[in-house]
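# Sequence and predicted structure are below.
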Amino acid sequence: MRDILKELERKILWLSAWTIHNANHLRAEDDAVKVGGHQASSASMNAILTALYFAVLKPEDRVAVKPHASPVFHAIQYLMGLQTREKLEAFRAFGGVQSYPSRTKDIDDVDISTGSVGLGVAMTAFASLTQDYLAAKNLIDAEKLGRFIALVGDAEMDEGNIFECLLEGYKHSLRNTWWIIDYNRQSLDGVIHEGLKPKFESVFRACGWDVVTLKYGRMMEAAFARPGGEQLRDWIDNAPNDLYSALTFQGGKAWRARLHADLDRQSPVGRLIDSYDDEQLSALMCNLGGHDIDLLVDTFNSIDHDRPVCFIAYTIKGMGLPLAGHKDNHSGLMTPKQMEEFRANMKVREGHEWDLFEGLEHSEAELKAFLADVPFYAKGRRRFAAAYVEPPKTLPLPTAEEMSTQEGFGRILFDLAREQTEFASRIVTTSPDVTVSTNMGGWVNRRGVFDRSEGADRFKEEKIASTYRWTQGPSGQHLELGIAENNLFIALAALGLSHSLFGQRLIPIGTLYDPFIARGLDALNYACYQNARFILVATPSGITLAPEGGAHQSIGTPLIGMAQDGLASFEPAFVDELTEILRWSFDYVQRDGKDERSAGWLRDETGGSVYLRLSTMPLERPKRMLDDALKRHIIDGAYWLRPPGPNCEICIAYQGVVAPEAIKAAGFLAEDRNDVAVLAVTSADRLNAGWQAASRARRAGDRSAQSHIESLLADLPAFSGIVTVIDGHPATLSWLGGVHGHRVASLGVEHFGQSGRIAQLYEYYGLDAAAILHAAGSLVQGRPIRYLRAIQ
Ligand SMILES: Cc1ncc(C[n+]2csc(CCOP(=O)(O)OP(=O)(O)O)c2C)c(N)n1
Ligand SMILES: [Mg+2]
């Protein structure tokens, strides 16, 4: 079996190198794709991936493959019949295999997407926590837990989110997680810093991990056992990274010259070195642990516990290719001449480059039998689906006369927490140390904090009064996180893929302060790119958070919400709107329509995640019942709070908490002008997306396509002006003028906030009724607005 494995290792090296070569040198008239970064980096982990996929992994295991090892991963899938030649030939081209393994774009069951380094690594830890969460609730078989394995570049270890995740993992007794560091001592720019290995080791041990070092291959170990071997080992241990790399690149002759220069030729070690010819010497010196299939398989398979393990595997970047060891090899590509030689070495005939069993010594029948028996693939595809969990038909509307959207959110969750429904049991909440200040304390009181083991509430036992009775245990539905926002988003990514990774639906809800979305923005993008499903509740937001000051006041987040793919963002002003948006979200996050292109104008069939930008400012409850049409409009992004009449000169369009200022300004204006309109925007994001999608649909021939905002603004006379206002960046709404060509004045916040009272800040930043009237005055024709002076 090991012989076959070694043959496959060579085959995979060939296929991945050929895939890249084909993409860069052979694909017809393609001048845009010449990018390296794959050939050497892939080769570095070739043996490790071969060992894992063909001899170590079980069907329930999941792997995050480092971005540049994508060709190796896909070559393995190709051998297994799960990837096509067409897609490999189109590596990095439209519709082809992706540069970096992608759950959403590749066809061959990528378990965890990677690309932005560090994030896929942390994802394995949070996927393992998700598994623990499901097992504790008997939603999956606790006897058959999978291992979550990250293949990590050594330079990738510089990413801070990895360390944030290590600490968080420690707090949650992380288990079933392996990180395999490809210690090739090279990064993108070159040779990395000396001596990082002991640093890695101590950090991992401090966080409760086992560390296994794979430094010397078996050939090296055999040499060390011979006379002079100890000295050879010392020389290897003390050789600087760059020297080792340079000699690797130069080959056997250079190794010999250098070793003889450093070690006495007449001594046992000198004789040991001379007992190898040049080729053998090169092979010996390159026989690092990470390239020794036997050692790798035996070591991985010897792990018989579920503690987290970090493997530090010494490797050579570009191993097996002429690029091996060269410091510039990251962007290096084999030349056509080098590829010719490589092809000949691999015994692959011209024109047979993609043939599965070309150039291998074992018979096709033997190889096929081996592949048919690989345990990892024994249970078929690894993508699961989960049944839809029926959300409540209606959510109880909090009754207080005045309430902020943040408080309303807390109340709604608190009410849901009382219900013994399947839906309520599938909600999982999480927050980076802002559970109470984002109003989820009540929910956690009722539903408890998740922990694998039952925990005690000391304060309760000691009968000390406290508002929060957070019992800890396996039934808890809240995952309490430390402050690091990256962890929040990666936790949401993992929990939000529970249906696909584990076949069990969860409805994850995460809360954080709105400005700190920026801290974890790449992780949020990563979660969306993987099509994870969650509800993000960001509160408080904007300068309305008045006394907290500029450090906590968000400005650009509405634009983030609009620009982030896979995330529908809303900013309701009133709690009745929020109630409807949440109810819709519980359904939207579960949708799974297949074809994005034919899926209407918005992503309404495909579904996605949801971002709610909420506020702490209490607003008076509108006296109204939401009828179906109004509910639909709230979800589509806007409704007429005051519809325009035929002589309407001014429309005020607001989003979110500034609603009272817009309403007040409209009241003043109405005394002087006819038919003043107020447009309540609940989602600039969905309005804009609908508008874009409708114009795409028209371009594609659907003449009748009309978006929600186009039909709403069709009611507004062409001579009207629109004043937009938001506690956030004015660009969020300024595009409304582009829909039908109305003149627009946009109010919002562009500069860092200040501490102060709300009224003071609204005046200072120009969000108050007076500013709205002033802006209206700049848009209307004819006589000036009379009340303008009066309220200033
Ligand atoms: C967040 C982020 N920053 C930068 C990059 C560009 N990048 C890709 S791989 C890499 C480092 C490669 O070094 P290493 O992790 O050691 O992998 P190796 O190439 O040695 O296999 C960099 C900087 C990225 N993909 N993601
Ligand atoms: Mg590296």
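Here it is on my side, so go on. Ligands and ions are numbered 1, 2, ... in the order given.

# phi, psi of residue 479?
Taking degrees, to the nearest 10, you get phi -100, psi 110 for the backbone angles of residue 479.

# can you give me phi and psi for the spatially closest residue to it that is not a sequence neighbour?
Spatially, and ignoring its direct neighbours in sequence, residue 479 is nearest to residue 430 (4.1 Å; Cβ to Cβ, 6 or more residues apart in numbering). All C-beta spots, glycine's among them, are computed from the backbone N, C-alpha and C. Dihedral angles of residue 430 (phi, psi; degrees, to the nearest 10) stand at phi -160, psi 150.

# Give me the residues contacting stretch 190-210.
154-155, 157, 163, 166-167, 169-170, 174, 181, 183, 185-186, 211, 213, 240-242, 245, 307-310, 312, 327-328, 330 (Cβ atoms under 8 Å, 6 or more residues apart in numbering).

# and the residue in the stretch 501-650 of the chain positioned nearest to ligand 1, what does it touch?
Nearest to ligand 1, among the residues of the stretch 501-650 of the chain, is residue 522, at 6.7 Å (Cβ to the nearest ligand atom). Contact analysis of residue 522 by Cβ under 8 Å, 6+ apart lists 116, 119, 486.

# Make JSON lines from these and add distance to residue 635, secondary structure and neighbour count to it.
Output for the contacts of residue 522, formatted as JSON lines (distance: Cβ to Cβ, whole Å; DSSP: H, G, I helix; E, B strand; the rest coil; neighbours: other Cβ atoms under 10 Å):
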{"residue": "116", "distance to residue 635": "31", "secondary structure": "coil", "neighbour count": "16"}
{"residue": "119", "distance to residue 635": "31", "secondary structure": "helix", "neighbour count": "28"}
{"residue": "486", "distance to residue 635": "30", "secondary structure": "helix", "neighbour count": "25"}
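
# if we look at ligand 1, which of the residues you listed are close to it?
residue 116 (Cβ under 6 Å from any ligand atom).

# Same list, the contacts of residue 522, but as a markdown table with distance to residue 543 and pLDDT please.
Shown next, in a markdown table, are the contacts of residue 522 (distance: Cβ to Cβ, whole Å; pLDDT from 0 to 100):
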| residue | distance to residue 543 | pLDDT |
| --- | --- | --- |
| 116 | 31 | 96 |
| 119 | 31 | 98 |
| 486 | 26 | 98 |
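
# which among the contacts of stretch 190-210 are in contact with ligand 1?
Okay, of the contacts of stretch 190-210 touching ligand 1 (Cβ under 6 Å from any ligand atom), that's 154-155, 186, 330.

# Need phi/psi at residue 449.
According to degrees, to the nearest 10, residue 449 has phi -100, psi 140.

# do the same with residue 149
phi -120, psi 130.

# Equivalent analysis for residue 431, please.
phi -160, psi 140.

# ditto for residue 720
Dihedral angles (degrees, to the nearest 10) for residue 720: phi -70, psi 150.

# just residue 613 next, same as before
phi -100, psi 110.

# who's in contact with the residue lying closest to it once chain neighbours are set aside?
Leaving aside its sequence neighbours, residue 613 sits nearest to residue 571 (Cβ to Cβ, 6+ apart; 4.2 Å). Taking Cβ under 8 Å, 6+ apart, we find residue 571 in contact with 541, 558, 561, 612-614, 655-657, 681-684, 726, 728.

# buried subset of those residues?
541, 558, 561, 612-614, 655-657, 681-684, 726, 728 (16 or more other Cβ atoms under 10 Å).

# Pick the one among these closest to residue 323.
residue 561 (43.8 Å; Cβ to Cβ).

# Okay, that closest one and residue 567: tell me how far apart.
7 Å (Cβ to Cβ, to the nearest Å).
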